[in-house]
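>>> What follows is a predicted protein model with its sequence.
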Amino acid sequence: MQFLLTLLIGMVAGVIDVLPMIKMKVDKYSCLSAFVYYVIVPFIIFEIQWFNQLWWLKGGIVALLIAIPVIILVSKEDKKSPVAMTIMSLILGSIIGVVGHFLNLM
């Protein structure tokens, strides 16, 4: 049950991230990459044992740390996307962490 709930949280976060990308007509590979990122990241957030007292920080920080290599890669071609990617990683990662905390998945 925990696996399916974690997967569902990741899929919802992925859809939230990808919908604006589809509206902006971003290529399908970038959309797929973002969706897969958010499907995977809750599994990592929920397993890492950092910030026990500051649980609300964990999701955003872990999501951002995982996204940094892709943000660096994207910054070569596009100067606007890294800012959006950083913000979305922090926001959606934090939401994933908070949801995981309150559902006792962490």
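Cool, got the structure.

>>> name the element Asn52 belongs to?
Using DSSP states H and E, Asn52 sits in no helix or strand.

>>> Phi, psi for it please.
Main-chain dihedrals, Asn52, degrees, to the nearest 10: phi -60, psi -40.

>>> And for it, the neighbour number?
For Asn52, the neighbour count with other C-beta atoms under 10 Å is 8. For glycine as for every other residue, the C-beta is placed from the backbone atoms N, C-alpha and C.

>>> List the buried residues for the helix or strand containing Met11?
Assigned by DSSP H and E, Met11 belongs to helix 2-23. With burial defined by 16 or more other C-beta atoms under 10 Å, the residues of helix 2-23 counted as buried are Thr6, Ile9, Gly10, Val12, Ala13, Gly14, Asp17, Val18, Met21.

>>> swap in stretch 82-100?
Under 16+ other C-beta under 10 Å, the buried positions of stretch 82-100 are 82, 84-85, 88-100.

>>> Name the spans of the chain whose pLDDT lies under the cut-off.
Filtered on pLDDT under 70, the chain yields no residues whatsoever.

>>> for it, what spans make up the strands?
Using DSSP state E, no strands are assigned anywhere in the chain.

>>> ok so, going back, let's see which of the buried residues of stretch 82-100 end up in helices.
By the criterion of DSSP state H, membership of the buried residues of stretch 82-100 in helices covers 82, 84-85, 88-100.
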